[in-house]
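**Q** generate a structure from the sequence data that follows.
(2 chains)
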Protein chains: 2
Amino acid sequence: MIGGDATGMSAASQARRMRGPDELEIVAFERGRFSSYSACGIPYWVGGDVTGRDRLIARTPEEHRARDIDLRMRTEVLEIDVEKQRVRARDLGSGAESWTPYDQLVIATGARPVHPSLPGAHARGVHGVQTLEDGQALLDTLAATEGRRAVVVGAGYIGVEMAEALLTRGYEVTVVNRGAEPMATLDADMGRLVHDAMEGMGIAMVNGAEVTEIRTDGEGRVRAVATADAEYPADVVVLGIGVQPETTLAERAGLPLGGAGGLLTDLAMRVRGHENVWAGGDCVEVLDLVSGRERHIPLGTHANKHGQIIGTNIGGGYATFPGVVGTAVSKVCALEIARTGLREKDARRAGLQFETVTIESTSRAGYYPDAAPMTVKMLAERRTGRLLGVQIVGREGAGKRVDIAAVALTAGMTVEQMTTLDLGYAPPFSPVWDPVLVAARKAVGAVRRGGA
Amino acid sequence: MIGGDATGMSAASQARRMRGPDELEIVAFERGRFSSYSACGIPYWVGGDVTGRDRLIARTPEEHRARDIDLRMRTEVLEIDVEKQRVRARDLGSGAESWTPYDQLVIATGARPVHPSLPGAHARGVHGVQTLEDGQALLDTLAATEGRRAVVVGAGYIGVEMAEALLTRGYEVTVVNRGAEPMATLDADMGRLVHDAMEGMGIAMVNGAEVTEIRTDGEGRVRAVATADAEYPADVVVLGIGVQPETTLAERAGLPLGGAGGLLTDLAMRVRGHENVWAGGDCVEVLDLVSGRERHIPLGTHANKHGQIIGTNIGGGYATFPGVVGTAVSKVCALEIARTGLREKDARRAGLQFETVTIESTSRAGYYPDAAPMTVKMLAERRTGRLLGVQIVGREGAGKRVDIAAVALTAGMTVEQMTTLDLGYAPPFSPVWDPVLVAARKAVGAVRRGGA
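**A** The predicted structure follows:
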């Protein structure tokens, strides 16, 4: 296994469950200091909701070794030789290099931050939040910094989660975002709801602003984030501008990459054209079942599934990963944000014609205490009425409602079929018509009116 | 429309939306004093979470009349004459009776409580909670009663919700339950979790106890609930022992009833064999899509859907109700209880062989604050691995997770298909493997081991 996080170690653990040490030797290389940790938890650790880095570690190197997995920490793989079935690795401590042969290779190299090639991007006080090391470095900066002005660059899910974390810690937070609205994984009309809610929380939101420079003081410490039009003073800067597949090794080895730079695999997670090379997690592209296209969707939940599937196949079993529908959920303070399937522009790019509807409802019966408003947007294919996508923005109870649509998308349901779904109803849980059903009913009307 | 609540008035409203008063005259008869109200909300009104009866009324008689629906309150239909297409109704105020002709008839007579034929069942201080009138009478009793001992007879969803309501109001609550465990809509092993949690809330739980008598004092007021073995002192008694279809009129008119006493309809909600008679809501039986059998499932969410469908069909459109998968969700204080599909005994009765698994997980990532424990039980068909049912008991975040399984059941998914469902993941919303997926993975193993 190249990579000791979600995919690599899930694969190792699952293969070990199926094959004992007499049958299968497992070696895993991890260049960092931590194994099997939840990068998704970093914002909550930084924000103080999660106390202590170790809580984010699902399984330590020692625990893996106790299961007869030879996990080599601080050891970086420098080269894959698919011809001779071996990898060259360097012990980052001693500097020693050696070749290790394999019968089966798992590439689980994850993703790396998209670093802006900007003056000052590597100044002191500027942090990514990709790894536990990054999180620790940010916390060290926060502890050592007196000023309370934080700028978050990027307004995707990492950006908004970090905005919450810094707000929770008492910072004045500015989010500088290239897009027209935050959360570009939503359509702009739904992103606007997020924008308004974040402003309501006291976060300064700057949209449509490309960062041109990160300015430093005489000692190399960040002092401001500059755009073409303005300058935003900053004592700390968090870069939440997304990631790309870490496939440098794979590319050099001649393995097939897709349009987003991720490895391409078959349904069993085998790298295409390579019988004994497997890949999963943030370094691969996955099939989007709704658009029929390959996409790069770095998410811990997919990485874990990939590892499970690879481990099963290496262990002599059989499992496949059919693809994704593009479900994602996040929150910023009390605001919950969820999406699944296609946005309007995804649908157009896929050649689909569609109707869109947007409805307002509540998380509980309207008369029940704490019934919270929720906006649901739904896309349905023209003529067929097939569900294409759902976006939800609201308060408590909004986020996980997207799962209803995620399962319906996977099943290829029409919005008309959805109107009679037998969903859980009681006043503390839902209005008598669940918000997703209300949207489906309206979408049925739109499809009918849309005609042939 | 016979009946002015969810089904009748949804049908009326939908038909009116499609056909103006020039095209369609709509008359609705309601024997009670309230129209279009949420009976499901009564426990929360009694408990004080919902302030004021009027909040439970979705639309008043005046509002219906303003939409050209001739809603006649306190008017009871006494006879249906399907031959001559007319109904005989009595104005309960004046006592006047008259015949009203129809072209289309909608029977939406709801359900009635299963009243035990027990001595004392109609004593003062003994209440059902079926109608708003019932709720008001109970509140009047509570206001007038000094004693603080309440006994709830029955431990289905109404029983447990009323136990919460009375506990919230400061009563010492005893629940006397005929079944081996509370919540007979769950398997007993899951019901036991509810039992333990309710005891932990300070509710005295008595299982396996048939009530033999409700004992009164010299003035006809309740003083105790007696079983074969014991007597439970009571200042107030709530009967939560379920309902049966109110089909007296329909039966007299010769309309077809099923094994549970509910009207039988086709998929368009037309009473079988009667071109222009429709029925829906708590007075009909619905097709259980998992077992292939007809069942009586009185729930507001079905009643509203039926009304919508009937109204569409009467209005000249086309809509059908394919059936249910048996989803239900309820709560008692912080405990959430959900189920969908078949219990073990349902599956056996349907002739199905199956595997069952039970897992423990949490509502959020384990390291995230307020991650609450959750138990998920899953049934999968032997050999095929088709999902048959899910039961969930847990804290916040447990209940509505059942919707994932409800949609998967509707789509006929196997547990293996479920393991790769693309559900919303982020630490505040779910562990990286959603509890439903953890159960599905375990079920896959059980089906494999179960073999041919």
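**Q** residue ranges of the helices in chain A, please?
**A** A:6-18, A:42-47, A:61-66, A:132-144, A:157-168, A:188-200, A:248-252, A:300-314, A:344-349, A:402-410, A:415-419, A:435-450 (DSSP state H).
**Q** can I get those helices in TSV with mean neighbour count and distance to chain B?
**A** All C-beta atoms are positioned from the backbone trio N, CA, C, and that covers glycine. Shown next, in TSV, are the helices of chain A (neighbours: other CB atoms under 10 Å in any protein chain shown; distance: least, CB to the nearest CB, whole Å):
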stretch	mean neighbour count	distance to chain B
helix A:6-18	26	8
helix A:42-47	25	6
helix A:61-66	16	15
helix A:132-144	17	13
helix A:157-168	25	7
helix A:188-200	19	15
helix A:248-252	16	24
helix A:300-314	26	4
helix A:344-349	16	15
helix A:402-410	28	4
helix A:415-419	24	8
helix A:435-450	21	8
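**Q** I'd like the ones you listed laid out as JSON lines, including distance to B:Q353 and mean pLDDT.
**A** Listed next are these as JSON lines, based on distance: least, CB to CB, whole Å; pLDDT from 0 to 100:
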{"stretch": "helix A:6-18", "distance to B:Q353": "27", "mean pLDDT": "98"}
{"stretch": "helix A:42-47", "distance to B:Q353": "44", "mean pLDDT": "96"}
{"stretch": "helix A:61-66", "distance to B:Q353": "39", "mean pLDDT": "97"}
{"stretch": "helix A:132-144", "distance to B:Q353": "48", "mean pLDDT": "96"}
{"stretch": "helix A:157-168", "distance to B:Q353": "44", "mean pLDDT": "96"}
{"stretch": "helix A:188-200", "distance to B:Q353": "46", "mean pLDDT": "98"}
{"stretch": "helix A:248-252", "distance to B:Q353": "46", "mean pLDDT": "98"}
{"stretch": "helix A:300-314", "distance to B:Q353": "25", "mean pLDDT": "97"}
{"stretch": "helix A:344-349", "distance to B:Q353": "43", "mean pLDDT": "97"}
{"stretch": "helix A:402-410", "distance to B:Q353": "25", "mean pLDDT": "98"}
{"stretch": "helix A:415-419", "distance to B:Q353": "29", "mean pLDDT": "97"}
{"stretch": "helix A:435-450", "distance to B:Q353": "33", "mean pLDDT": "96"}
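**Q** wait, A:K331 touches A:V393, no?
**A** No: at 10.4 Å, A:K331 and A:V393 do not qualify as touching, with contact defined as CB atoms under 8 Å.
**Q** overlap in contacts, those two.
**A** Both A:K331 and A:V393 are contacted by A:I337, under the criterion CB atoms under 8 Å, 6 or more residues apart in numbering or on different chains.
**Q** more neighbours, these two?
**A** Ranked by neighbour count (other CB atoms under 10 Å in any protein chain shown), A:K331 and A:V393 place A:V393 first, with 26 against 21.
**Q** tell me the contacts of that one?
**A** Residues near A:V393 by CB under 8 Å, 6+ apart: A:186, A:190, A:193-194, A:197, A:335-338, A:374-375.
**Q** hang on, the earlier thing: so for A:V225, which of the helices of chain A sits nearest?
**A** Closest of the helices of chain A to A:V225 is helix A:157-168, at 12.9 Å (criterion: CB to CB).
**Q** contacts for the closest one, please.
**A** Here helix A:157-168 makes contact (CB under 8 Å, 6+ apart) with A:43-44, A:46-49, A:129, A:150, A:152-153, A:155, A:173, A:175, A:177, A:182-183, A:185, A:194, A:198, A:201-203, A:236, A:238, A:240-242, A:328, A:330-333, A:337, B:426.
**Q** name the residues of the stretch 151-300 of chain A found near chain B, please.
**A** By the rule CB under 8 Å from any CB of the partner chain, the part of the stretch 151-300 of chain A lying against chain B is A:157, A:299-300.
**Q** does A:M1 touch A:A108 like I think?
**A** Yes: in this structure, A:M1 is within contact of A:A108 by CB under 8 Å, at 5.9 Å.
**Q** what do the two both touch?
**A** Residues touching both A:M1 and A:A108 (CB under 8 Å, 6+ apart) are A:8, A:11.
**Q** not counting sequence-adjacent ones, nearest residue to A:A372?
**A** Sequence neighbours aside, A:R395 is the residue nearest to A:A372 in space, at 3.4 Å (criterion: CB to CB, 6 or more residues apart in numbering or on different chains).
**Q** where does pLDDT dip in chain A?
**A** Where chain A drops to pLDDT under 70, the residues are A:116, A:452.
**Q** give me the neighbour count for the closest residue to A:R59 other than its chain neighbours.
**A** In space, and not counting its chain neighbours, A:R59 is closest to A:S36: 4.3 Å by CB to CB, 6+ apart. A count of neighbours around A:S36, defined by other CB under 10 Å, yields 24.
**Q** roughly how far does A:S36 sit from B:G366?
**A** 13 Å (CB to CB, to the nearest Å).
**Q** just to revisit the earlier point, among the contacts of helix A:157-168, which lie within strands?
**A** Members of the contacts of helix A:157-168 lying in strands (criterion: DSSP state E): A:150, A:152-153, A:173, A:175, A:236, A:238, A:328, A:330-332, A:337.
**Q** quick one: which of those is most hemmed in?
**A** Among the ones in strands among the contacts of helix A:157-168, A:V152 has the most neighbours (other CB under 10 Å), with 31 neighbours.
**Q** in the sheet, who's paired with it?
**A** Following DSSP bridges, A:V152 is listed with bridge partners A:V175, A:V238.
**Q** for A:T216, same thing?
**A** A:V222.
**Q** residues near it, how many?
**A** Neighbours of A:T216 under the rule other CB under 10 Å: 18.
**Q** surely it and A:V222 touch.
**A** Yes: the pair A:T216 and A:V222 qualifies as a contact (CB under 8 Å) at a distance of 5.8 Å.
**Q** got any residues that touch both of those two?
**A** Counting by CB under 8 Å, 6+ apart, the common neighbours of A:T216 and A:V222 are A:120, A:123-124.
**Q** kindly reformat those as JSON lines containing neighbour count and distance to chain B.
**A** Below are the shared contacts of A:T216 and A:V222 laid out as JSON lines (neighbours: other CB atoms under 10 Å in any protein chain shown; distance: CB to the nearest CB, whole Å):
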{"residue": "A:G120", "neighbour count": "21", "distance to chain B": "31"}
{"residue": "A:A123", "neighbour count": "18", "distance to chain B": "29"}
{"residue": "A:R124", "neighbour count": "17", "distance to chain B": "29"}
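**Q** show the contacting residues for the most centrally placed residue in chain A.
**A** The residue lying closest to the centre of chain A (CA atoms, centre = their mean) is A:L299, at 3.5 Å. Contact analysis of A:L299 by CB under 8 Å, 6+ apart lists A:40, A:282, A:328, B:425.
**Q** could you dump these to a markdown table with distance to A:S13?
**A** Listed next are the contacts of A:L299 as a markdown table, based on distance: CB to CB, whole Å:
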| residue | distance to A:S13 |
| --- | --- |
| A:C40 | 19 |
| A:D282 | 18 |
| A:A328 | 26 |
| B:Y425 | 19 |
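**Q** can I get the buried part of those residues as one PyMOL selection?
**A** If you want just the buried ones from the contacts of A:L299 in PyMOL, going by 16 or more other CB atoms under 10 Å in any protein chain shown, the selection is:
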select buried, (chain A and resi 40+282+328) or (chain B and resi 425)
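**Q** out of the contacts of A:L299, which one sits closest to A:D91?
**A** Proximity of the contacts of A:L299 to A:D91 (CB to CB) peaks at A:D282, which lies at 24.4 Å.
**Q** ok, back up a step: need the contacts of A:V393 in a markdown table with distance to B:I404, can you?
**A** Formatted as a markdown table, those follow (distance: CB to CB, whole Å):
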| residue | distance to B:I404 |
| --- | --- |
| A:L186 | 22 |
| A:M190 | 23 |
| A:L193 | 25 |
| A:V194 | 25 |
| A:A197 | 26 |
| A:L335 | 23 |
| A:E336 | 17 |
| A:I337 | 19 |
| A:A338 | 14 |
| A:M374 | 18 |
| A:T375 | 22 |
